[in-house]
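Peer 1: All I have is the shape, not the residue letters:
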């Protein structure tokens, strides 16, 4: 009968709609899961980037310190050599004066 056919068609439509709703809900759940994973990954990468930036700054400070130390040692050595040269010059002059006597 027509009523039975309509009821069957309505039930099939209801099953199709329920199946589509389940598929949409599954897709939504999957998308939410992916967003959570991406967010966790982004947080992890952000932490790694922050750690790398901090390490980079620490290395820069260490390098600046080493350069300053090397420059100081070089300046000290230059001053020492200049002192030695000045002393040698004075001694040479004294020897010349003593030789002239």
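Peer 2: Here it is on my side, so go on. Quick caveat, the model's predicted, so the values are computed rather than measured.

Peer 1: Give me the neighbour count for residue 95.
Peer 2: 10 (other C-beta atoms under 10 Å). All C-beta spots, glycine's among them, are computed from the backbone N, C-alpha and C.

Peer 1: Helix or strand: which one has it?
Peer 2: helix 2-100 (DSSP states H and E).

Peer 1: From the chain's centroid, how far away is that helix?
Peer 2: Relative to its chain's centre, helix 2-100 lies at 0 Å (C-alpha atoms, centre = their mean, to the nearest Å).

Peer 1: counting contacts, what elements does that helix pack onto?
Peer 2: In terms of contacts (3 or more C-beta pairs under 8 Å, 6 or more residues apart in numbering; DSSP states H and E), helix 2-100 is not packed against any helix or strand.

Peer 1: Let me see the mean pLDDT of it.
Peer 2: Mean pLDDT, helix 2-100: 96.

Peer 1: Would you quantify the distance from residue 39 to residue 47?
Peer 2: Using C-beta to C-beta, to the nearest Å, residue 39 is found at 13 Å from residue 47.

Peer 1: Over to residue 62?
Peer 2: 22 Å.

Peer 1: What count of nearby residues applies to residue 50?
Peer 2: Residue 50 has 10 nearby residues by other C-beta under 10 Å.

Peer 1: With the one 3 residues further on instead?
Peer 2: Residue 53 is surrounded by 10 other residues when neighbours are defined as other C-beta under 10 Å.

Peer 1: Then residue 32?
Peer 2: 10.

Peer 1: For residue 38, see how far away it is.
Peer 2: Note on residue 32: its distance to residue 38, by C-beta to C-beta, is 11 Å.

Peer 1: Residue 24 too?
Peer 2: 21 Å.

Peer 1: now do residue 79
Peer 2: In terms of C-beta to C-beta, residue 79 sits 61 Å off from residue 38.

Peer 1: And for residue 97?
Peer 2: 87 Å.

Peer 1: cool, and residue 11?
Peer 2: 40 Å.
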